[in-house]
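S.K.: Next one to model:
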Amino acid sequence: MLKLCENPPMTPPEVGSLTDLAGTWWVAHTKARFEKALAFDLLERGIGYFLPLSLRIKISGGRKRQVMLPVFSSYVFFCGDTDDRYAAISTGRLCQVIEVKDQAGMIRQLSAVERALRGSARLDPYPHPVIGQRCRVSSGPFEGLEGTVVSQSRLARLVLEVGILGQGASMEVDVDLLEPLDERRVERRSVRGMTGVTPMRSNL
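M.R.: Got it, this is the predicted structure:
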């Protein structure tokens, strides 16, 4: 188990964000528990990548340890040209490479995940089909992030979707910071205590 300082960076250290990386994006479906090893291989080869990692607590031998675990188990996102794709396959750590047809859409979704992690949000894997009301965070450090609310009380659990995986990552947000993404203009209404999300305001 790697120490915190021994984990690969989320993106190559010379780039500020995954949106700074140029090339075609692919999804690497890795062999079990090979996500970090692949990230190190890509880093060594100068290939741009995104490996979202989230801090978790693990209990081993009766002791609690902080570890960084992939948000999306067995997946690493990387970009470049066909030579970079071949280099990734040649590492021997992949089950397959998934082609991304909607490049802009996936980059937008991954950027939301990246922004949440760089803002120190705790993201939990959400490997289920996402249903429910889509909302946008209206203010605060995560202003502008969009996702789907799947539960709420004082805090709403917001799922940031990654459509190509059919999965997402969930985070908690104060319900008062959420506004629905709805084409209709509606009155602002309280959402506290509701099982779904009541539209509050829309300027779309």
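
S.K.: from the chain's centre, how far out does the longest helix along the chain sit?
M.R.: For the chain, the longest helix by residue count, based on DSSP state H, is helix 103-118. Distance of helix 103-118 from the chain centroid (CA atoms, centre = their mean, to the nearest Å) equals 6 Å.

S.K.: And the chain, what are its domain boundaries?
M.R.: As assigned by automatic domain parsing, the chain contains the domains 4-100, 121-204.

S.K.: any idea which of these scores lowest on pLDDT?
M.R.: Ranked by mean pLDDT, the domains of the chain end with domain 121-204 at the bottom, a mean of 71.

S.K.: give the contact list for the residue nearest the centre of the chain.
M.R.: Residue closest to the average C-alpha location in the chain (CA atoms, centre = their mean): Val113, at 3.3 Å. Applying CB atoms under 8 Å, 6 or more residues apart in numbering, we find Val113 in contact with Pro52, Val71, Leu123, Leu160, Val162, Ala169. Any C-beta I mention is one placed from the backbone N, CA and C, and that applies to glycine too.

S.K.: Now with 6 Å, please.
M.R.: The neighbourhood of Val113, defined by CB atoms under 6 Å, 6 or more residues apart in numbering, consists of Pro52, Leu160, Ala169.

S.K.: What's opposite Asp160 in the beta bridge?
M.R.: Rather than Asp, residue 160 is Leu. Applying DSSP bridges to Leu160 yields these beta-bridge partners: Ala169.

S.K.: what secondary structure does Leu42 sit in?
M.R.: helix (DSSP: H, G, I helix; E, B strand; the rest coil).

S.K.: any idea how far Leu178 lies from Arg134?
M.R.: 10 Å (CB to CB, to the nearest Å).

S.K.: Those two: which is more packed in?
M.R.: Neighbour totals were compared for Leu178 and Arg134, and Leu178 leads with 24 against 16 (other CB atoms under 10 Å).

S.K.: Return the residues in contact with the closest residue to that one other than its chain neighbours.
M.R.: In space, Leu178 comes closest to Cys135 once its chain neighbours are excluded; the distance is 4.3 Å by CB to CB, 6 or more residues apart in numbering. For Cys135, the contact set (CB under 6 Å, 6+ apart) comprises Val149, Leu178, Pro180.
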